[in-house]
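[1] just to be clear, the model below is a prediction. Sequence and coordinates:
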Amino acid sequence: MPEIFHLLKDQIAEHLQDVDISSVSLTRFIQAVNETYTKFDSDHKEMERSLTLSAEELVQTNEEMYAIFQAIPDQLFHFSEDGVVISYQSGRKEHYYLTAEKLINKSIFDILRKDIAEMFLKAINEAIKNKSVINFEFVVVHEHKIYYYETRVMPIKSMQVVALIRDITERKLAEDQIAFLAYHDGLTGLPNNLLFKERLEQGLAHAERNNTMLAVLFLDLDRFKLINDSMGHDVGDQLLQATADRLIEGVRRTDSVAMNVSTSLNSSVSSASSVARLGGDEFTIMIEDAENSQTVARVASRLIDVVSKPLMLSGTEVYTSTSIGIAIYPDDGKTVDVLLKNADAAMYHAKDQGRNNFQFFTESMNQASIERMAVESNLRKAILNKELCLYYQPQVSVITGQLVGLEALLRWKHPEKGFISPAVFVPVAEETGLIMEIGEWVVKEACRQGAAWATAGFKPVQISVNLSAKQLKDERLHEMVNGILQDTGMNPRFLGVELTESAIILDPNMALQRLEKIKSLGVKLSLDDFGTGYSSLSYLKRFPIDTLKIDQAFIRDVNADHEDAALVKAIIAMAHGLGMDVVAEGVELQEQLEFLGINGCDTIQGYLFSRPVPVADIETMLSRVSL
């Protein structure tokens, strides 16, 4: 059987890849094996004689071959037909049960567990019978640890075999880890996009066979980018991990992360679900065998409830919520890609409806999704083509009727579509990060215009610009504002910065540092939309706020709603008590103005005096100093 020498040569040469042996020694070894094969092939009697040697004697016929066998990581066994160990060789430290004293003349059944021993004996018999090499793997558990082995059984003469056994435990564990990472999200441990799509494909096949309903939920965390940018990526990662846990709990309290498990939603509903993270702050959920859309709606409602509970992250209480889009098989699509696309479109519609809600897909949402992408594309062009401009809305003293301030408001005049509402393009700018570039331009343009008016001899009034949460997070904010003031010659006393409560609540300490630096330049600070967010009196005490702006939601019914009236009175009194001025937004009626005047409001802003208008109209107003 000269082929055995080929097999031995190839096997040893393969193992030599892991052994530090010089190329000269390897060459001599291969040459020795080839010479042995040539000699035995030409001399049949010599070949027959060699086959009477034991495996150990066969190896030791060449000193270098013997030395190499001592170095390779394998265990070399010589078995008889009935699985008795004739000889054993290993150059490595023996495994916990593999020592020559214990092995020689022992049956394989005395060495290994019965099922593994039977596997070995079957391989020995097949190798001898078919004169072929048999490969297999087996697993041994010892002291609560799992060991994996790879085995190659080769016949060497009548009724005997050589078995090379290699410990592949590390390789197996690495392969398992790679396989897990390939199908799971590294941060949350949830199935990733790849695994979710595979499961969804299987779920669709099941739904088609059984004529059942399948729902895909597409979830996006509201304000996640704001939290991530304001509080840092570590807090953002913690939030994603906590959200993953909450989603699993919310969908099925008995589910495990990577399994579809059928349990009861209530007494009449039983279905299976799978939670996955697609990336960023986007999650998907598949619900199989749902009874009807109301069942899916109940799941979505529960998810909204569990996600919206406050979290304590890095010592700060964080609030978030989720917007959910839902697509149903087969009505909203019959393929993986179509269902995901439509659920995504429904999710964006949920955001447009005020966030923290769920929406089922409708055909009209496809058009909305297309329009959103068009807005982003056109907005990028608008920046390059200088289509953005500022309008200014006057702020008027309640007592004197004089124009005392202006709020700079961003406008976009598309060359074909005309003016595009800020409600349409500002959210897109925030989502895409374009708000940073646009926001800096707004500050620069407002300061340039303010300086130009001062040079032209107009009475100087405060110009307020709005800063986004992303800009507040930027470490360059103070440097940027100071640089613009210096470049334009704008007097910092007449520049105001407006921020919303939601922008500062995410990381109050960071916000305080940023605002104190800006305040040191002489810039005025306003808290916009007061009362509509997570209002906290402690913020008013800590932050260097000059002005509170009462949101128009409280002003609209102030003459008819006693609660709104009481709130507005309380806000004015509180602000004055803290040394702050008060601006009322959205004033449209004379009755509202009179109420605000009676209760001590300092300034009004709204259609009663003027809508936001272009520069030319403001210059006309600046020429007049009273109502």
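    On my side now, so go ahead. Numbering: from 1, shown residues only.
[2] what distance do you get for residue 102 to residue 111?
    Going from residue 102 to residue 111 by C-beta to C-beta, to the nearest Å gives 8 Å. Glycine gets a C-beta too; all of them are placed from N, C-alpha and C.
[3] the two - which one has more neighbours?
    residue 111 (17 against 13; other C-beta atoms under 10 Å).
[4] wait, the more buried one touches residue 117, no?
    Yes: with contact defined as C-beta atoms under 8 Å, residue 111 reaches residue 117; the gap is 7.2 Å.
[5] how about residue 419, phi and psi?
    phi -70, psi 130 (degrees, to the nearest 10).
[6] phi, psi of the closest residue to it other than its chain neighbours?
    Nearest residue to residue 419 in three dimensions, chain neighbours excluded: residue 413, at 5.5 Å (C-beta to C-beta, 6 or more residues apart in numbering). Torsion angles at residue 413 (phi, psi; degrees, to the nearest 10) stand at phi -100, psi 100.
[7] likewise residue 201?
    Taking degrees, to the nearest 10 as the convention, residue 201 sits at phi -60, psi -40.
[8] ok, it - contacts?
    residue 336 (C-beta atoms under 8 Å, 6 or more residues apart in numbering).
[9] mind doing that once more with 10 Å?
    The contact partners of residue 201, by C-beta atoms under 10 Å, 6 or more residues apart in numbering, come to 335, 336.
[10] go on, residue 447?
    Here residue 447 is in contact with 408, 463, 465, 481, 484-492, 494-495 (criterion: C-beta under 10 Å, 6+ apart).
[11] which of those residues are buried, as a PyMOL select command?
    Restricted to buried positions by 16 or more other C-beta atoms under 10 Å, the PyMOL selection for the contacts of residue 447 reads:
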select buried, resi 408+463+465+481+484+485+488+490+492+494+495
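[12] among the contacts of residue 447, which one lies nearest to residue 340?
    Checking the contacts of residue 447 against residue 340 with C-beta to C-beta, the nearest one is residue 465 at 39.4 Å.
[13] does the closest one touch residue 439 like I think?
    Yes: counting by C-beta atoms under 10 Å, residue 439 is a contact partner of residue 465 at 8.3 Å.
[14] could you report the distance from residue 191 to residue 447?
    For residue 191 relative to residue 447 (C-beta to C-beta), the value is 50 Å.
[15] for residue 177, same thing?
    In terms of C-beta to C-beta, residue 177 sits 55 Å off from residue 447.
[16] now the closest residue to residue 321 other than its chain neighbours, what's its secondary structure?
    Among residues not flanking residue 321 along the chain, residue 356 sits closest, at 3.8 Å (C-beta to C-beta, 6+ apart). The local conformation at residue 356, judged by DSSP: H, G, I helix; E, B strand; the rest coil, is coil.
[17] so residue 356 sits right up against residue 307, yeah?
    Yes: counting by C-beta under 10 Å, residue 307 is a contact partner of residue 356 at 8.8 Å.
[18] let me see the contact set for the residue lying closest to residue 393 once chain neighbours are set aside.
    Of all residues not flanking residue 393 in the chain, residue 612 sits nearest, at 4.2 Å (C-beta to C-beta, 6+ apart). The contact partners of residue 612, taken as C-beta under 10 Å, 6+ apart, are 390-394, 406-411, 422, 605, 618.
[19] more neighbours, residue 356 and residue 307?
    Set residue 356 next to residue 307 and count neighbours by other C-beta under 10 Å: residue 307 wins out with 22 against 17.
[20] from residue 450, how far out is the more buried one?
    43 Å.
[21] and the contacts of residue 447, which two are furthest apart?
    408 and 486 (19.1 Å).
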